[in-house]
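quick check, what structure comes out for this input:
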Amino acid sequence: MSGQEDITVTAEDQQMINKFARLHQNFVSLTDEIKSLLNDVQNLNEAADEIMLVGDDDSIPLKLGTSFVHFTPESAGERLESMKKESEENSTEKTKEKEVIEVEMNRLKSTLYSKFGDRINLEDGDD
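From the prediction side, this is the model:
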């Protein structure tokens, strides 16, 4: 034999493993959402910079939903700032959610690794 003792996986252990898996899935999803929101903020900043180059008499089409609506440069800038602020707030909220999930995942990891040692792998393969 390999010299390793058999460890019984209890129902409680299985629940912790399942909870960790759900938390990890949420963690990955939130990471992707945050990345997308930060990309949106960057795009909105670039659009605001481009608006500064447009004359005051020009009309600027902004996509709202599935339609384009024409705005004056001033109102388009205000709309972009509003959209940027909303994306930044969403990003901050998602980051806080992600931090809470990470704390719980680390707690579960510690508990599960203390019982199972190297017989369980809770590490993300993308590290």
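
tell me where this structure has helices.
11-52, 73-116 (DSSP state H).

save those helices as JSON lines, and put in distance to Pro61, mean pLDDT and mean neighbour count too.
To be clear about C-beta, it is placed using only N, CA and C from the backbone, and glycine gets the same treatment. Below are the helices of the chain laid out as JSON lines (distance: least, C-beta to C-beta, whole Å; pLDDT from 0 to 100; neighbours: other C-beta atoms under 10 Å):
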{"stretch": "helix 11-52", "distance to Pro61": "11", "mean pLDDT": "95", "mean neighbour count": "14"}
{"stretch": "helix 73-116", "distance to Pro61": "9", "mean pLDDT": "95", "mean neighbour count": "15"}
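
export those helices to a markdown table and tack on distance to Lys63?
Formatted as a markdown table, the helices of the chain follow (distance: least, C-beta to C-beta, whole Å):
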| stretch | distance to Lys63 |
| --- | --- |
| helix 11-52 | 10 |
| helix 73-116 | 11 |
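
nearest to Asp58, of those helices?
helix 73-116 (6.5 Å; C-beta to C-beta).
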